[in-house]
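# sequence plus predicted model, see below.
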Amino acid sequence: MMPELPEVETIVRGLAPVLTGRTFVDVFILDPRSVLGDDIVFQRDILGRRVTAVRRRGKLVVCELEGDLVLAVHLKMTGRLWFTPPETSPHSHTTIAFFLDSSEQLFFDDQRRFGYCAVFSRDGLRQWDYWATLGPDPLQIAEEDLAGRIQGRRAAVKGLLLNQRIVSGVGNIYADESLHRAGIHPASRAVRIGWDRLVFLFRCLRQVLEEAVDAGGSSIRDYRGAFGEHGRFQQKFAVYGRAGKPCPVCKELLCKTVVAGRTSTFCPACQPLLR
Ligand SMILES: [Zn+2]
């Protein structure tokens, strides 16, 4: 399970108060595959830099550094950022260890090595293709604006929700949960969904994401917050991972299908398919 908007937001909210104002006094790169670009340049850019802000964009953790540099972290499948007390030993999957002037540490762990850390100048960040094409944040723009981005598209609505260029931060869990709440089948073509229902979908998406942020995200296998804590939203899933179990709304048994290459769980009664 890949961390999505609520999980990354939880990490950012955990890190912001403890990391802001701290300076990186040392960096150990235990596996250079976790660095996007040259690991020697990365180390040189980070060393001696103070963190001025920690924020999120889409699924990225963004640490702003003095000197107009930005440290961007994408957790991908199994990446974790841990803030640890002084002298904590790296974990078996730690690939980068950041040492702070407070003697505390920030570890980047990544069992499957798909995640990465990257340092950019402000200009370099703007030119980074992933950054430049990232769609708007569903917590920050109006439902009508998001609905307008998919209105009339012939693709399956779930594939559009997962497309980071259309809307950022959404993955399999929160796509399935918001589609169920909105009563829309994941394979329905956007062009067949009425305007009011499309707007309602993005209202449901916002509600689901906000509830998940309040619950500290969802912990299924890998995800933990910045201090190793579990999220609690998995206890509230209506459909994700619940195929064969009763729909919490109508008690019909939930079904599983594949849409846009991803396993999708839905209620055949609450979410009729519009071809
Ligand atoms: Zn149902």
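Happy to help now that I have it.
# which stretches of the stretch 51-200 of the chain form helices?
With DSSP state H, counting those that start in this stretch as the criterion, the stretch 51-200 of the chain has helices at 122-127, 129-132, 143-150, 157-162, 172-182, 195-214.
# quick check: mean pLDDT of the first one?
The one in question is helix 122-127. The pLDDT scores in helix 122-127 average 96.
# try the fifth one
Averaged over helix 172-182, pLDDT sits at 98.
# now that helix and helix 195-214, what's the angle there?
130 degrees (axes from the mean of the first three to the mean of the last three C-alpha atoms, to 10 degrees).
# list the contacts of helix 172-182.
For helix 172-182, contacts defined as C-beta atoms under 8 Å, 6 or more residues apart in numbering pick out 1-2, 4-6, 157-158, 161-162, 170, 185-186, 197, 200-201, 203-205, 207-209, 212, 218, 237-240, 247, 262-267, 270-271. For every residue, glycine as well, the C-beta is placed using N, CA and C.
# got the buried residues for it?
Residues of helix 172-182 classed as buried: Asn172, Ile173, Tyr174, Ala175, Asp176, Glu177, Ser178, Leu179, His180, Arg181, Ala182 (neighbour count, 16 or more other C-beta atoms under 10 Å).
# same check on the last one?
By neighbour count, and taking 16+ other C-beta under 10 Å as the criterion, the buried residues in helix 195-214 are 197-206, 208-209, 212-213.
# give the burial count for Arg221, as a bare number.
Here the number of neighbours of Arg221 (other C-beta atoms under 10 Å) works out to 8.
# TSV for the buried residues of helix 195-214, including distance to the ion and pLDDT?
Formatted as TSV, those follow (distance: C-beta to the ion, whole Å; pLDDT from 0 to 100):
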residue	distance to the ion	pLDDT
Arg197	16	97
Leu198	20	98
Val199	21	98
Phe200	16	98
Leu201	16	98
Phe202	21	98
Arg203	19	98
Cys204	14	98
Leu205	18	98
Arg206	21	98
Val208	16	98
Leu209	21	98
Ala212	20	97
Val213	25	97
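# out of those residues, which comes closest to Gly48?
Val213 (33.4 Å; C-beta to C-beta).
# who are the contact partners of the closest one?
Leu5, Pro6, Glu9, Thr10.
# ok, it to Gly225 distance?
Distance of Val213 to Gly225, given as C-beta to C-beta, to the nearest Å: 11 Å.
# same check, this time on Val258
Taking C-beta to C-beta, one finds Val258 at 31 Å from Gly225.
# the two - which one has more neighbours?
Taking neighbours as other C-beta under 10 Å, Val258 and Gly225 compare with Gly225 leading, 21 against 10.
# quick check: the more buried one vs Gly14, distance?
Taking C-beta to C-beta as the measure, Gly225 falls 5 Å from Gly14.
# repeat for Thr95
20 Å.
# more neighbours, those two?
Thr95 (24 against 20).
# isn't the more buried one right up against Arg112?
No - with contact defined as C-beta atoms under 8 Å, Thr95 does not reach Arg112; the gap is 10.8 Å.
# ok, Gly228 - how many residues close by?
For Gly228, using other C-beta under 10 Å, the count is 11.
# sec struct for it, please.
What DSSP: H, G, I helix; E, B strand; the rest coil gives for Gly228 is coil.
# and it, what is it in contact with?
Gly228 neighbours (C-beta under 8 Å, 6+ apart): Trp82.
# near the ion, which residues of this structure show up?
Contact residues, the chain versus the ion (C-beta under 5 Å from the ion): Cys247, Val249, Cys250, Glu252, Cys267, Ala269, Cys270.
# confidence score at the fifth one?
Looking at Cys267, its pLDDT is 98.
# what is the nearest of the contacts of Val213 to Leu36?
Of all the contacts of Val213, Leu36 sits closest to Leu5, with 21.0 Å by C-beta to C-beta.
# quick check: chain neighbours aside, which residue is closest to the closest one?
Gly169 (3.2 Å; C-beta to C-beta, 6 or more residues apart in numbering).
# quick one: the one you found from the ion, how far?
To the ion, Gly169 is 26 Å away according to C-beta to the ion, to the nearest Å.
# chain center to stretch 219-232, what's the gap?
13 Å (C-alpha atoms, centre = their mean, to the nearest Å).
# one more: stretch 212-226?
11 Å.
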